[in-house]
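S.K.: Take a look and give me a structure for this.
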Amino acid sequence: MSEDIGVGWRLRHVRRVAGLSQRALAKRAGITNSTVSLIEADRANPSLGALKRILDAIPVGLSAFFALEREQDDAMFHTAGELLEIGRGAVSCRQVGRSMAGRKLQMLDECYQPGSDTGRILLSHDGEEAGIVVHGRVEVTVGSERRILGPGDAYSFDSRKPHRFRCIGAESVRIISACTPPTF
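M.R.: Next up is the predicted model:
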């Protein structure tokens, strides 16, 4: 599959494979039918959080979404240019490995531009996740707890708890994180 396939085509593909109409997907995800239509037409670019919520309604993980029809990745070493971008825009998430098929661990190099976040709707997915802040300051919300973390600070939590990441300050944030199983 071509590297330049957009979010719209991918969403339409996974929705159809799941046997869902745009209306059914919208209802499951708690969004409007027109939002699904605009995304599929590549006329709207959802936030990472919104896309995750939509994909959870299918269900399909972000890594599977951005690595459609790829073979299992048996490579042990990956250059920076080989990391798979599974987030776009102000929040970039680059995944180690092209596909999570058969994998038990997902590693990400996350970058949040000033003022960006994972979305108003808190994320929630199966598994556990942990990360270390490499650069910048990030506000991490997990359930009812909220902390501001800086370089060298870390987090670890059950990913089923609603959570959100928000870049605070004038500089970008970089986090190296892991999720097991690879459900993000």
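S.K.: rest of the way, CA atoms for contacts and neighbours
M.R.: Will do.
S.K.: Domain-wise, how is this protein divided?
M.R.: According to automatic domain parsing, the chain comprises the domains 7-66, 80-180.
S.K.: Can I get those in CSV including mean pLDDT?
M.R.: Formatted as CSV, the domains of the chain follow (pLDDT from 0 to 100):
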stretch, mean pLDDT
domain 7-66, 87
domain 80-180, 91
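S.K.: Dump these into TSV; add distance to Asp74 and mean neighbour count as well.
M.R.: As requested, these are exported to TSV (distance: least, C-alpha to C-alpha, whole Å; neighbours: other C-alpha atoms under 10 Å):
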stretch	distance to Asp74	mean neighbour count
domain 7-66	16	18
domain 80-180	8	18
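S.K.: next one: phi and psi at Ser34?
M.R.: Here is the backbone geometry of Ser34 (degrees, to the nearest 10): phi -70, psi -30.
S.K.: if I look at it, how far off is Arg98?
M.R.: 31 Å (C-alpha to C-alpha, to the nearest Å).
S.K.: And for Ala41?
M.R.: Taking C-alpha to C-alpha, one finds Ala41 at 25 Å from Arg98.
S.K.: Could you do Asn33 as well?
M.R.: In terms of C-alpha to C-alpha, Asn33 sits 31 Å off from Arg98.
S.K.: ditto for Gly8
M.R.: In terms of C-alpha to C-alpha, Gly8 sits 20 Å off from Arg98.
S.K.: same deal with Phe77?
M.R.: 11 Å.
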